[in-house]
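S.K.: give the three-dimensional model of this entry:
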Amino acid sequence: MLDTLASADYHVGPMVLNAVHWVPQSRPRLFVIGVHSSIALPQELRAYTPSTFLHPAALRRAFGQASEQVRDTWIWWNLPKPAHRKSALADVIEEHPASVRWHTADETKRLYELMPPIHRAKVSEAARDGRTVGTVYRRIRRNDHNEKKQVAEVRFDGVSGCLRTGSGGSSKQFIFVVEGDRMRSRLLSTREAARLMGVPDEYKLPENYSEAYHLLGDGLAVPVVAWLERHLLSPLLGGRPILVGLPNRAQSQPDGGARSRSNSLYSRGEPRVTMSREQALVHPSRLVGCAANV
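M.R.: Residues are numbered from 1 along each chain as shown. Okay, the predicted model is just below:
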């Protein structure tokens with residue numbers, strides 16, 4: 001993709017942004033902003049060396065392995081780090097969620113029994129700290145005999161795991177609350193998922209759990225996009241508005257057909273880059289961008 005953009009006379013500026021800086025969810029995403037050479041690039045937006053905030057080691061290695069054409073057009077963005085996040089996972093949790101129910105004691109016990117010893121130890125430690133809220137994902141791991149086995153992995157660091165949209169059971173995230181010797185568990189509610197994406201409570205969600213969860217888990221965190229728009233996209237375009245679009249699902253076409261899940265990124269009406277399972281930011285003034293899972 002970078003070679004395609006460079007060949008089309010774009011400067012390319014990849015960066016990795018983790019939503020955890022804005023919301024209590026670990027959600028690293030690769031963002032690539034392409035700026036056509038006809039757009040004047042403000043010098044204050046450009047750095048001459050990578051930053052630890054935007055450019056992790058893997059991205060710096062990718063730069064070293066890129067083609068000469070891409071390296072010549074590469075931009076190391078100079079953007080401010082956001083203010084320290086004040087919210088924690090416990091702040092977004094509902095005591096009486098409408099979209100899910102709390103598990104029975106037996107259901108919680110079965111989830112606990114799926115935990116390897118190291119994760120049960122985390123639960124025991126959390127029990128000594130009073131009320132502690134964590135999240136659990138069920139995963140398939142290989143045991144000491146190289147056999148595949150389902151396990152439950154818990155975290156109590158005040159941050160949720162990354163929301164997913166897979167169809168399997170491993171894509172579902174659970175809330176796990178420890179209060180002394182009492183444990184409670186349930187699925188993450190749709191409203192909690194929305195809060196973890198920075199979506200305000202007044203936003204109306206689909207009533208169907210799977211539809212709401214897929215809508216949220218397949219998107220970009222709202223405050224991350226707002227931060228990008230404020231500090232990079234809008235300044236690049238002199239304060240003009242940005243169109244945020246190309247949702248990751250089939251769309252109606254003028255001829256009555258449908259666009260597949262593979263999206264096309266357009267500039268002045270011409271397809272530039274084809275993406276799959278990605279989000280796009282597009283502006284007719286030859287500024288393009290996309291975001292993808294890391």
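S.K.: mind checking what secondary structure the residue nearest to residue 32 when sequence neighbours are not counted has?
M.R.: Of all residues not flanking residue 32 in the chain, residue 14 sits nearest, at 4.8 Å (C-beta to C-beta, 6 or more residues apart in numbering). C-beta here means a position set from N, CA and C on the backbone, and glycine is covered the same way. Look at residue 14: counting by DSSP: H, G, I helix; E, B strand; the rest coil, its state is strand.
S.K.: can you check the pLDDT for residue 14?
M.R.: As predicted, residue 14 sits at a pLDDT of 97.
S.K.: and the gap between residue 101 and residue 111?
M.R.: According to C-beta to C-beta, to the nearest Å, residue 101 stands 14 Å off from residue 111.
S.K.: in this structure, where's the longest helix?
M.R.: As assigned by DSSP state H, the longest helix anywhere in the chain is helix 117-127.
S.K.: list the contacts of that helix.
M.R.: Identification of contacts with helix 117-127 by C-beta atoms under 8 Å, 6 or more residues apart in numbering yields 112, 115, 132, 134, 151-156, 176, 178-181, 183.
S.K.: at 10 Å instead, please
M.R.: Applying C-beta atoms under 10 Å, 6 or more residues apart in numbering, the contact partners of helix 117-127 are 112-115, 132-134, 136, 151-157, 176-183.
S.K.: quick check, the residue nearest to residue 32 in contact with residue 75.
M.R.: Yes. Under the criterion of C-beta atoms under 10 Å, residue 14 makes contact with residue 75 at 8.6 Å.
S.K.: quick one: the strands in the stretch 151-294 of the chain?
M.R.: Per DSSP state E, counting those that start in this stretch, the stretch 151-294 of the chain carries strands over the ranges 173-179, 182-187, 243-245, 262-267, 270-276, 279-283, 287-293.
S.K.: average model confidence for the fourth one?
M.R.: Per-region confidence: strand 262-267 scores 31 on mean pLDDT.
S.K.: returning to that earlier point: more neighbours, residue 101 and residue 111?
M.R.: residue 111 (19 against 12; other C-beta atoms under 10 Å).
S.K.: got a list of what that one touches?
M.R.: Residues in contact with residue 111 (C-beta under 10 Å, 6+ apart) are 103, 136, 138, 152, 154, 174, 176, 183, 185, 186.
S.K.: just the buried residues of stretch 83-101, please?
M.R.: Going by neighbour count (16 or more other C-beta atoms under 10 Å), the buried part of stretch 83-101 is 89, 92, 93, 97, 99, 100.
S.K.: those residues into a markdown table, with extra columns for pLDDT and distance to residue 292?
M.R.: Listed next are the buried residues of stretch 83-101 as a markdown table, based on pLDDT from 0 to 100; distance: C-beta to C-beta, whole Å:
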| residue | pLDDT | distance to residue 292 |
| --- | --- | --- |
| 89 | 97 | 25 |
| 92 | 97 | 25 |
| 93 | 97 | 29 |
| 97 | 97 | 31 |
| 99 | 96 | 28 |
| 100 | 97 | 29 |
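S.K.: of the residues you listed, closest to residue 201?
M.R.: Of all those, residue 92 has the smallest distance to residue 201: 10.0 Å, by C-beta to C-beta.
S.K.: chain neighbours aside, what residue packs nearest to the closest one?
M.R.: residue 195 (4.0 Å).
S.K.: bridging residues for residue 292?
M.R.: Partner residues in beta bridges with residue 292, using DSSP bridges, are residue 30.
S.K.: for it, give its distance to residue 157.
M.R.: Look at residue 292 and residue 157: by C-beta to C-beta, they are 25 Å apart.
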